[in-house]
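Q: My questions are about this predicted structure, shown below with the sequence.
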Amino acid sequence: MKLIHPHALFRLSVLGPLASRDRLEQGDLKRLLRELAAQSYAIPDSKRVFLSEKTIEGWYYAWKREGIEALTPKYRSDRGRSKISEPLQEALCTAKKENPGRSLRTIRRLVGASGLPGATKLSRSSIHRLLQGQGISNLHGSAAAPVERRSYVAAHAGDIWYGDVMHGPKVLASGKMRKTYLVSFMDDASRLITHSAFCPAETALEVEGVLKQALLKRGVPIRLVIDNGAAYRAATLQAVCARLEIRLIYCRPYTPEGKGKLERWHRTLRGGFLGEIDMDKVRDIHDLNARLWAWMDECYHKEPHSALEGLTPLERYRKDLTQIRPLGPFASRLDELFLHRHERLVRKDGTVSYEGQRFEVPFELIGKTVMLVVDPHKQKVISVESQSGDSLGKATLLDPLANCRRKRKSAVPSDSNTRLNTGTNLVEMALDRQMRSLCGAALPLMKEA
């Protein structure tokens, strides 16, 4: 009996709601395709979790025409064979092995300059297929010296945390279905998720928000191992870790093995949570997070883990409570640590701008560069600081109407102490001289009369 390809079985399972129907009414196909595309899947040999409506529709019509055989992946008849000449193949492979970090573009230019016949006509796709067939397309170190990796586990809970982002399902937001991103932090020794949440974006702001909650719930880690993406390279996140004395460690690019435990958590979540949740009952991202946290507390954290000698993540974490660094002196000013600072030049009218709004600062700061202290989650300007971090007062939202009735302060004092001790001024002196001159000229006429 001929074996059915695993990919064909997976595709048929996706088509279940369609394949099980003998007849589709008008509008049923479009509606079912939309519902199937909104779900997440454990796609074989892929890191993606979503399928497009067009892909599912193509599978459906192919299955209707030829049955399950039509769902078996089709491969090129010349798969595994390259049409590139032997000398060119050798030159391309040598160029890649000499420097595994070379891109396809660099290899193409390098070999193109060699003068070999056909070297200038090579396409990027043909070079990629050749290197992939030779097993050298994804080298990231010396071909002769593989990178040493060892399986390890932290001695105590709180020694090492991992942080990463996974693409989540779509939820309703502002009347539209929008994609979510799951930001998670995991403790290495216990596999406990210190905090995890679906967020509307994959930026440093979301990462910092989830980290803040993790710190409040589970203390301060000694080391934090995170990805190399822009969200994790933000100066604000680095500053938070520096103030909390957390050693920030970045994984090597293209090496997800460095966070294998967290990758395993993502697979568990896809199967145990996303595979079970009824998205029709999820109203918004807050509703989705409420279900996530309930599932983590009642299922994941209370499930015995084979790598923890049968203990649950929560039990293993509690064994090391005395070893975990508490927030301690940082607890009362944790909000302050997560504030953002933005450099601004104070205008001549004593204002600075932020996110399209204008704020008044003390008028003595006109012409100086200051730092606006902002609560990034509330998008609220808190105060003004000098570049060295000294407080310079509050930043008040500009009210032009109130300023019409406001008594202004003068930069130059106008009290009587600034006048000359003579009790007069230049205008009075000029008038006095003129009067004396006129009176002097009239005196002889008066005498004659």
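A: Everything's here; your move. Numbers count the residues shown, from 1 in each chain.

Q: who touches stretch 273-285?
A: 38-40, 42, 49, 168-169, 171-173, 180, 198-200, 287-288, 291-292, 295 (Cβ atoms under 8 Å, 6 or more residues apart in numbering). The C-beta positions use only the backbone N, C-alpha and C, and glycine is treated the same way.

Q: Parallel or antiparallel, list what pairs with the strand or helix carrying residue 225.
A: Assessed by DSSP states H and E, residue 225 sits inside strand 223-226. Here strand 223-226 has these sheet partners by DSSP bridges: strand 160-173 (parallel), strand 247-250 (parallel).

Q: Return the set of buried residues in the last one.
A: Residues of strand 247-250 classed as buried by neighbour count (16 or more other Cβ atoms under 10 Å): residue 248.

Q: That one: what's the following helix or strand?
A: Strand 247-250 is succeeded, C-terminally, by helix 260-269 (DSSP H and E).

Q: can you give me the mean pLDDT across that following helix?
A: Averaging pLDDT along helix 260-269 gives 88.

Q: what is the orientation angle of it with strand 160-173?
A: Between helix 260-269 and strand 160-173, the angle comes out at 30 degrees (axes from the mean of the first three to the mean of the last three Cα atoms, to 10 degrees).

Q: and helix 260-269, C-alpha only, in PDB?
A: This file holds the C-alpha atoms of helix 260-269, laid out as PDB (Å, rounded to 0.1, in the frame of the first residue of the first chain):
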ATOM      1  CA  GLY A 260      15.900  26.300  22.500                       C
ATOM      2  CA  LYS A 261      13.800  26.100  25.700                       C
ATOM      3  CA  LEU A 262      11.800  29.200  24.700                       C
ATOM      4  CA  GLU A 263      11.300  27.800  21.200                       C
ATOM      5  CA  ARG A 264       9.900  24.600  22.900                       C
ATOM      6  CA  TRP A 265       7.500  26.800  24.900                       C
ATOM      7  CA  HIS A 266       6.300  28.300  21.700                       C
ATOM      8  CA  ARG A 267       5.500  24.800  20.300                       C
ATOM      9  CA  THR A 268       3.700  23.900  23.500                       C
ATOM     10  CA  LEU A 269       1.700  27.100  23.300                       C
END
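
Q: what's it packed up against?
A: strand 160-173, strand 176-187 (3 or more Cβ pairs under 8 Å, 6 or more residues apart in numbering; DSSP states H and E).

Q: what angle do the last one and strand 160-173 make?
A: So that's strand 176-187. Going by the same axes, to 10 degrees, strand 176-187 makes 170 degrees with strand 160-173.

Q: Run through who's touching the helix or strand just after strand 176-187.
A: The first helix or strand that comes after strand 176-187 along the chain, using DSSP H and E, is strand 193-199. Contacts of strand 193-199 with the rest of the structure, by Cβ under 8 Å, 6+ apart, involve 161, 168, 171, 180-187, 206, 209-211, 213-214, 217-218, 265, 285, 288-289, 292, 296, 300-301, 313.

Q: Can you select the buried ones from the residues you listed in ChimeraX?
A: Those of the contacts of strand 193-199 that count as buried under 16+ other Cβ under 10 Å are selected in ChimeraX with:
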select :161,168,171,180,181,182,183,184,185,186,187,206,209,210,211,214,218,265,285,288,289,292,296,300,301,313
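
Q: still on that earlier bit, can you add mean pLDDT and distance to residue 366 and give the strands paired with strand 223-226 back as a markdown table?
A: Converted to a markdown table, those look like this (pLDDT from 0 to 100; distance: least, Cβ to Cβ, whole Å):
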| stretch | mean pLDDT | distance to residue 366 |
| --- | --- | --- |
| strand 160-173 | 92 | 42 |
| strand 247-250 | 86 | 39 |
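
Q: would a markdown table of the ones you listed with distance to residue 117 be doable?
A: Converted to a markdown table, the strands paired with strand 223-226 look like this (distance: least, Cβ to Cβ, whole Å):
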| stretch | distance to residue 117 |
| --- | --- |
| strand 160-173 | 45 |
| strand 247-250 | 45 |
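
Q: Any idea how far apart the tips of stretch 315-327 sit?
A: 21 Å (Cα to Cα, to the nearest Å).

Q: mind listing what's buried in it?
A: 315, 316, 317, 320, 324, 325.

Q: repeat for stretch 115-126
A: For stretch 115-126, by 16+ other Cβ under 10 Å, it's 116, 119, 122, 126.

Q: and what of stretch 42-54?
A: 49, 50, 51.

Q: and these, which of them are in helices?
A: For these, not one is inside helices, with DSSP state H as the criterion.

Q: Of those, just say which sits nearest to residue 356.
A: For the buried residues of stretch 42-54, the minimum distance to residue 356 (Cβ to Cβ) is 34.7 Å, reached by residue 50.

Q: Now that closest one: closest residue in space, sequence neighbours ignored.
A: residue 40 (6.1 Å; Cβ to Cβ, 6 or more residues apart in numbering).

Q: Could you pull up phi and psi at the one you found?
A: phi -100, psi 150 (degrees, to the nearest 10).

Q: Check whether it really touches residue 49, as I assumed.
A: Yes: using Cβ atoms under 8 Å, residue 40 is in contact with residue 49, at 4.3 Å.

Q: Find residues that contact each of those two.
A: Joint contacts of residue 40 and residue 49 (Cβ under 8 Å, 6+ apart) are 270, 274.

Q: Tell me which residues touch the residue nearest to residue 50, please.
A: Contacts of residue 40 (Cβ under 8 Å, 6+ apart): 49, 50, 168, 169, 270, 274, 275.

Q: between those residues, which is nearest residue 17?
A: residue 275 (15.4 Å).

Q: okay, the closest one: pLDDT?
A: 86.

Q: and the angle from the helix or strand just after the strand holding residue 225 to strand 160-173?
A: Scanning forward in sequence from strand 223-226 by DSSP H and E, the next helix or strand is helix 235-243. Interaxial angle of helix 235-243 relative to strand 160-173 (the same axes, to 10 degrees): 140 degrees.

Q: re the thing from before, looking at the buried residues of stretch 315-327, which are in helices?
A: Short answer: the buried residues of stretch 315-327 in helices (DSSP H) are 315, 316, 317.

Q: Could you dump the residues you listed into TSV and include distance to residue 368 and pLDDT?
A: Below are these laid out as TSV (distance: Cβ to Cβ, whole Å; pLDDT from 0 to 100):
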residue	distance to residue 368	pLDDT
315	57	94
316	54	94
317	49	94
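
Q: which other residues reach the helix or strand containing residue 63?
A: Using DSSP H and E, residue 63 sits in helix 53-66. Where contact means Cβ under 8 Å, 6+ apart, the residues beyond helix 53-66 that reach it are 11-12, 14-15, 18-19, 29, 33-34, 36-37, 70-71.

Q: Now find how far off-centre that helix is within its chain.
A: Taking the mean of its C-alpha atoms, helix 53-66 sits 36 Å from the chain's own mean (Cα atoms, centre = their mean, to the nearest Å).
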